[in-house]
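> Just need the structure, nothing else, for what follows:
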Amino acid sequence: MSDSCCGTTASLEIEQIRTADDAGALPVVVIGAGPIGLAAAAHLTERGQDFLVLEAGEQVASSIGQWGHVRVFSPWKYNIDAAARRLLTADGWTEPDAEWLPTGAELISDYLAPLAKLFGDKVRLAARVNAISRLGYDRVRTDGREDVPFLIRLDGGEELQARAIIDASGTYATPNVLGASGLPAYGEAEAGELIDHALPDVLGADRETYEGKHTLVIGAGHSAATTLLALAELPGTPITWAIRAGNATRTYGGGAADVLPARGALGTRLRAHVDSGRIHLLTGFFAHSVTTDGDQVSVVSRDPAGAEQSVAVDRIVAATGYRPNHSIASELRLDLDPILGSTRRLAPLIDPNQHSCGTVPAHGVDELSHPEPGYYAVGVKSYGRAPTFLMATGYEQVRSVVAALAGDWDAARDVQLELPETGVCSSSLAEAQEQRVGLATGISGGLLSTSLSLVTVGASDGGGSCCG
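Residues are numbered from 1 along each chain as shown. Modelled structure (predicted):
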């Protein structure tokens, strides 16, 4: 009998796949060795579940390594997963000051690298996943699907199998485009060498690139504010800030009346720079086209009514947020919210039109499940385009998912999360740290804060933020 859509040979193939390997004996594969991926590994370790962590970069938390100069907005006490803390403490680890706001580099050196070391060869570096499917099954085939393992294909052609997948690969590698309406601006790709994405190291490694150069920052979130405040410290550096809104009220926040004092201080400082003329603000700016002329780049805005305005600069920072890339799971059965790109059940809980990072309710395996049993996107990737993610939220996600994978459904569904609406940082903490390290502001997305400016004790600078 020849192969066909419903022939005998096809049925035999399915049966052979079912019995070739005991899928239940295979490891859980965690994609991404950042804070959420390694937290998943910690919970898997405590529950005695076999696992393998695949990190695309050359170091643990390679995406965080790209913003190592940035200080997170929340203190250490909110940045360490409970299971990870237990494993590290048992190994003789000294926990950092609970009230200190770490930089990205400190997150790696003082927490994530020691944690990954505990897992030994269960963490593989330079192992980029480029596709996930089911062994012998494309997305269409159903019969027996749940009984066969996942197939994971790496760059270079290596293939691995897993009984479940926890995708904590994040969104840092897939920033939003510069253009308005969700579409790339004309010429955006061709001008790529003159466009940087959020949080360049303006006061450190990238200083020479920006100092004395006219820079256009596009975006209204805290990543944009962070970059703008850093640029303002560079002498002889013209700055233009472009936003789609008619005013910058959302970015400025409530100033002294803000329920998050550090966020209010950020907005107050930014407003002061705009009012003084240090930063030139363009409102109603909808990037439509980008053209280069030698070392300069011009951006034309075309608003919905067709009115145009333009600006010519030396550099562009596109602080326009991030979006998830689900292409590696295109052969899996995903149920994605058409607006955010999260699961449909999670979307109303994280909708940025309704929630800030501190008002997102606790959620876990049920809200993260797809029609593809055993595949879970967690962490910032699970939020799709919603910028309300906090690390503490991701830690509760993976605790719940791992409990479910271990068969402990009572624990999996007992989701609890304490996220103070008034923020996870205090003005007194920000004031204490600004004397030692300079800026401590925040960006939307709940992970990052500001370029780290090393200054002498006694210097004063701005505050911090909970989430954008």
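> what's across from Glu159 in the sheet?
For Glu159, the beta-bridge partners are Arg153 (DSSP bridges).
> Kindly confirm my reading that Arg333 is in a strand.
No. Counting by DSSP: H, G, I helix; E, B strand; the rest coil, Arg333 is located in no strand; its state is coil.
> Isn't it up against Ser369?
No. Arg333 is beyond contact range of Ser369, at 11.1 Å (criterion: CB atoms under 8 Å). Yep, even glycine has a C-beta here, placed from its N, CA and C like the rest.
> For Tyr383, give me its contacts.
If a contact means CB atoms under 8 Å, 6 or more residues apart in numbering, then Tyr383 has Pro324, Leu340, Ser342, Leu346, Ile350, Phe389 as its contacts.
> If we ignore the residues flanking it in sequence, what's nearest it?
Phe389 (4.6 Å; CB to CB, 6 or more residues apart in numbering).
> again with Pro200
Using CB to CB, 6+ apart, the closest residue to Pro200 is Asp206 (4.6 Å).
> ok, back up a step: what about the contacts of Tyr383, which are in helices?
Ile350 (DSSP state H).
> Show me which of the contacts of Tyr383 is closest to Gly407.
Leu346 (22.8 Å; CB to CB).
> And the pLDDT for that closest one?
For Leu346, the model assigns a pLDDT of 96.
> Can you list the low-confidence ranges for the stretch 301-450 of the chain?
Within the stretch 301-450 of the chain, the stretches with pLDDT under 70 are 356-358, 419-450.
> can you give me the helices for it?
Along the stretch 301-450 of the chain, counting by DSSP state H, counting those that start in this stretch, helices occupy 347-350, 365-368, 391-405, 409-413, 427-437.
> re the thing from before, please tell me I have it right and the residue nearest to Tyr383 contacts Val380.
Yes. In this structure, Phe389 is within contact of Val380 by CB under 8 Å, at 4.6 Å.
> Mind checking which of the two has more residues around it?
A side-by-side neighbour count of Phe389 and Val380, using other CB atoms under 10 Å, places Val380 first with 30 against 26.
> That one touches Asp167, doesn't it?
No. Taking contacts as CB under 8 Å, Val380 lies outside contact range of Asp167: 11.1 Å.
> Phi, psi for the nearest residue to Thr283 once chain neighbours are set aside please.
Spatially, and ignoring its direct neighbours in sequence, Thr283 is nearest to Gly246 (5.3 Å; CB to CB, 6+ apart). Phi and psi for Gly246, reported as degrees, to the nearest 10, are phi -80, psi -10.
> Counting neighbours, what do you get for the residue nearest to Leu54 when sequence neighbours are not counted?
Residue nearest to Leu54 in three dimensions, not counting chain neighbours: Ala127, with 4.2 Å by CB to CB, 6+ apart. Counted with other CB under 10 Å, the neighbours of Ala127 add up to 21.
> so which helix or strand takes in Ala127?
Secondary structure from DSSP states H and E places Ala127 outside every helix and strand.
> I figured it hits Leu154, correct?
Yes. If you go by CB under 8 Å, Ala127 and Leu154 touch, sitting 5.6 Å apart.
> Mutual contacts of these two, please.
Common neighbours of Ala127 and Leu154 (CB under 8 Å, 6+ apart) are Leu54.
> rewinding a little: distance of the residue nearest to Tyr383 relative to Ala40?
Going from Phe389 to Ala40 by CB to CB, to the nearest Å gives 15 Å.
> ok, back up a step: in terms of pLDDT, where does the residue nearest to Pro200 sit?
96.
> So it sits against Thr215, correct?
No. Asp206 is beyond contact range of Thr215, at 10.7 Å (criterion: CB under 8 Å).
> So for the two, which residue has more residues nearby?
Thr215 (24 against 17).
> With adjacent residues omitted, what lies nearest to that one?
For Thr215, ignoring the flanking residues on the chain, the nearest one in space by CB to CB, 6+ apart is Arg315 at 4.6 Å.
> residue contacts, that neighbour?
When contacts are counted by CB under 8 Å, 6+ apart, Arg315 touches Leu194, Ile195, Asp196, Thr209, Tyr210, Lys213, His214, Thr215, Leu216, Val297.
> residues in contact with the residue nearest to Asn325 when sequence neighbours are not counted?
Leaving aside its sequence neighbours, Asn325 sits nearest to Thr174 (CB to CB, 6+ apart; 4.4 Å). Applying CB under 8 Å, 6+ apart, we find Thr174 in contact with Tyr322, Arg323, Pro324, Asn325.
> Of the residues you listed, which belong to strands?
Among the contacts of Thr174, no member falls in strands (criterion: DSSP state E).
> most neighbours, which of these?
Of those, with other CB under 10 Å as the count, Tyr322 tops at 23 neighbours.
> Tell me how far that one lies from Val415.
25 Å.
> Quick check, the residue nearest to Thr283 in contact with Gly284.
Yes. Using CB under 8 Å, Gly246 makes contact with Gly284 at a distance of 5.9 Å.
> Neighbour count: the two, which is higher?
More crowded of Gly246 and Gly284, by other CB under 10 Å: Gly284, with 16 against 8.
> residues near Thr359, how many?
Thr359: 12 neighbours (other CB under 10 Å).
> And the pLDDT for Leu12?
45.
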